[in-house]
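[1] got a sequence here, can you build the structure:
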Amino acid sequence: MSAAARRPFFRRRKSCPFSGANAPKIDYKDTRLLSRYISERGKIVPSRITAVSAKKQRELAQAIKRARFLGLLPYVIR
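    Coordinates of the predicted model:
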């Protein structure tokens, strides 16, 4: 058995889409950006799927909740 066959598969972690030089700002008024991080049922997608950092995930969740409260985004999609 070769060394490559014994080594488990390692998937490289994607970097956060909100960190970097020309990264988009998280804003509750930007519903097009926020809707990318909401599932088809209207739930906030977890950071392990979207590869968003913990700090930016909290900002994202707060912006989504604020947009929902103001009626810019739906709470539930049926």
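[2] residues contacting the residue nearest the centre of the chain?
    The chain has residue 50 as the residue nearest its centroid, 4.2 Å off, counting by Cα atoms, centre = their mean. Counting by Cβ atoms under 8 Å, 6 or more residues apart in numbering, residue 50 makes contact with 17, 37, 57. In this view, the C-beta of every residue, glycine as well, is placed from N, C-alpha and C.
[3] and those, which is closest to residue 78?
    residue 37 (19.4 Å; Cβ to Cβ).
[4] can you give me the helices for the protein?
    3-6, 31-35, 47-50, 54-69 (DSSP state H).
[5] picking up where we left off before, for the contacts of residue 50, point out the one with the lowest pLDDT.
    Lowest pLDDT within those is found at residue 17 (90).
[6] separation between residue 41 and residue 55?
    26 Å (Cβ to Cβ, to the nearest Å).
[7] and what of residue 12?
    21 Å.
[8] who has more neighbours out of those two?
    In this comparison of residue 12 against residue 55, neighbours counted by other Cβ atoms under 10 Å, the higher total goes to residue 55 at 11 against 5.
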